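**Student:** quick one, structure for this:
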Amino acid sequence: MRPLRAAVLGLGYAGLEHAKAYHANSDTELVAIATRSAQRLASVQEVVTAEVASTDYDEVLARNDLDIVSIATPDHVHAEQAVAALERGCHVFCEKPLCVSIEEAQAIVAAANRAGTKFLTGQILRFAPYFRTLKSIYDDGDLGEAFFAEADYLHDLTPFLAGPSWRSDPAHPQDMVLGGGCHPIDLLRWFFGDVKSVYAIATKKSLADQPFPYDTILLSLSFETGLLGKVLVSVGCKRPYQLNFAIYGTEGTLVNSGLFLEKIAGLRDFMQMPLETPEEFPHYALEVEHLVNCIRNDEQPLVDAREGARTVATCVAGIEAIRRGGPVEVCGI
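**Tutor:** Okay, the predicted model is just below:
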């Protein structure tokens with residue numbers, strides 16, 4: 001069986017990791033890479049090689065010999081490129097967030113349904129062994145019924161905004177509810193299902209010179225199951241990266257790697273599980289492996305276009321809630 005031929009659009013941090021993952025996987029062949037920057041293209045070619053290296057995304061998308069297209073370009077161009085790749089009959093691996101609006105999300109889902117190919121949204125936390133372990137603990141039922149859960153995305157983006165950066169481009173201001181908040185929001189959705197409504201407030205103090213509208217956001221989530229959720233996003237905080245996660249259940253509580261169970265008589269404090277908790281979660285190779293297996297075995301990816309779209313819809317509800325100053329229902333997709 002021949003290797004699947006892959007192309008990567010966008011060669012920032014995530015795009016380079018996609019390219020390296022395809023290069024290392026025996027079931028894939030990296031045939032094309034593209035980025036707008038000729039300088040970046042040259043530096044990436046010192047790390048990975050491909051048949052075609054281009055500064056023209058459209059040139060790569062027009063090829064008729066691709067099986068997989070990875071999209072790791074700026075968030076606001078994901079939709080156009082994803083739809084174009086799907087219309088070429090390609091499988092697609094699109095970085096998070098899937099897109100930046102409800103209309104774009106609907107267009108991608110419709111295109112994916114028409115194409116009938118495999119689509120993976122790069123919500124990477126679902127592939128992290130750490131969070132997979134926490135989910136297995138929750139799914140086993142020892143915590144009982146969850147009634148509250150929270151997740152925090154705490155990340156000082158200052159180093160990523162130095163010099164030319166698409167995130168700080170005033171022509172295309174990004175929104176950190178999508179850019180950072182999609183991580184904890186998707187994580188909570190994976191554990192607990194769809195969100196019914198969102199209330200959110202925001203401020204801008206730590207990255208006041210940046211063009212995005214706010215740098216710190218607090219979101220309250222009401223899930224379809226009745227569970228309540230909280231998400232804190234801060235992208236200018238002066239501290240190491242942290243993605244906190246907690247579940248409060250009727251029979252126990254999990255806070256990061258700490259576990260408290262009512263059924264253990266006499267337990268007076270959290271038991272600390274010896275889990276590896278990396279500073280980041282760079283599991284791109286696991287995502288590529290998962291997509292390849294789904295293609296080979298005709299299986300549905302863990303985070304398909306619709307799952308990615310529903311996380312975007314939850315984020316968009318949060319953005320609208322900030323604007324309105326009140327709760328907003330999540331659009332069904």
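**Student:** measure T121 to E59 for me?
**Tutor:** Relative to E59, T121 is positioned 25 Å away (CB to CB, to the nearest Å). All C-beta atoms are positioned from the backbone trio N, CA, C, and that covers glycine.
**Student:** listing request: residues of the stretch 1-150 of the chain with sub-threshold pLDDT.
**Tutor:** Nowhere does the stretch 1-150 of the chain drop to pLDDT under 70.
**Student:** can you map out the helices along it?
**Tutor:** With helices called from DSSP state H, counting those that start in this stretch, the stretch 1-150 of the chain shows them at 13-24, 38-44, 57-61, 78-87, 102-115, 129-139.
**Student:** among these, which comes closest to E307?
**Tutor:** helix 102-115 (9.8 Å; CB to CB).
**Student:** quick one: work out the angle between that closest one and helix 78-87.
**Tutor:** 10 degrees (axes from the mean of the first three to the mean of the last three CA atoms, to 10 degrees).
**Student:** list the buried ones in helix 102-115?
**Tutor:** Neighbour-count burial for helix 102-115, counted by 16 or more other CB atoms under 10 Å, picks out I102, E104, A105, Q106, A107, I108, V109, A111, A112, A115.
**Student:** check stretch 187-201 too.
**Tutor:** Across stretch 187-201, burial judged by 16+ other CB under 10 Å covers L187, L188, R189, W190, F191, F192, V195, K196, S197, V198, Y199, A200.
**Student:** for the first one, what are its contacts?
**Tutor:** Applying CB atoms under 8 Å, 6 or more residues apart in numbering, one finds that L187 lies in contact with Q123, L125, R126, F131, A151, L243, F245.
**Student:** tell me how far stretch 73-91 lies from the chain's centre.
**Tutor:** In terms of CA atoms, centre = their mean, to the nearest Å, the centre of stretch 73-91 is found 16 Å from the chain centre.
**Student:** just the C-alphas of it, formatted as PDB.
**Tutor:** Provided in PDB are the C-alpha atoms of stretch 73-91 (Å, rounded to 0.1, in the frame of the first residue of the first chain):
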ATOM      1  CA  THR A  73      -2.200  29.000   8.300                       C
ATOM      2  CA  PRO A  74      -3.600  32.000  10.200                       C
ATOM      3  CA  ASP A  75      -7.000  31.300  11.700                       C
ATOM      4  CA  HIS A  76      -8.900  33.600   9.400                       C
ATOM      5  CA  VAL A  77      -7.900  31.700   6.200                       C
ATOM      6  CA  HIS A  78      -8.600  28.200   7.500                       C
ATOM      7  CA  ALA A  79     -12.200  28.000   6.000                       C
ATOM      8  CA  GLU A  80     -11.300  29.100   2.500                       C
ATOM      9  CA  GLN A  81      -8.400  26.600   2.300                       C
ATOM     10  CA  ALA A  82     -10.300  23.800   4.000                       C
ATOM     11  CA  VAL A  83     -13.200  24.000   1.600                       C
ATOM     12  CA  ALA A  84     -10.800  24.200  -1.400                       C
ATOM     13  CA  ALA A  85      -8.900  21.100  -0.200                       C
ATOM     14  CA  LEU A  86     -12.200  19.200   0.300                       C
ATOM     15  CA  GLU A  87     -13.400  20.200  -3.100                       C
ATOM     16  CA  ARG A  88     -10.200  18.700  -4.500                       C
ATOM     17  CA  GLY A  89     -11.200  15.400  -2.900                       C
ATOM     18  CA  CYS A  90      -8.500  15.500  -0.200                       C
ATOM     19  CA  HIS A  91      -8.500  14.500   3.400                       C
END
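**Student:** phi, psi for the residue most central in space within the chain please.
**Tutor:** Centroid check for the chain by CA atoms, centre = their mean gives Q123 as the closest residue, at 3.0 Å. When read as degrees, to the nearest 10, the backbone of Q123 gives phi -80, psi 90.
**Student:** measure the residue nearest to C331 when sequence neighbours are not counted to E224 for me?
**Tutor:** Distances taken as CB to CB, 6 or more residues apart in numbering put A313 closest to C331, at 4.7 Å, once the chain neighbours are dropped. Counting by CB to CB, the separation of A313 from E224 is 13 Å.
**Student:** picking up where we left off before, nearest to A72, out of the helices of the stretch 1-150 of the chain?
**Tutor:** Using CB to CB, the helices of the stretch 1-150 of the chain put helix 13-24 closest to A72, at 3.3 Å.
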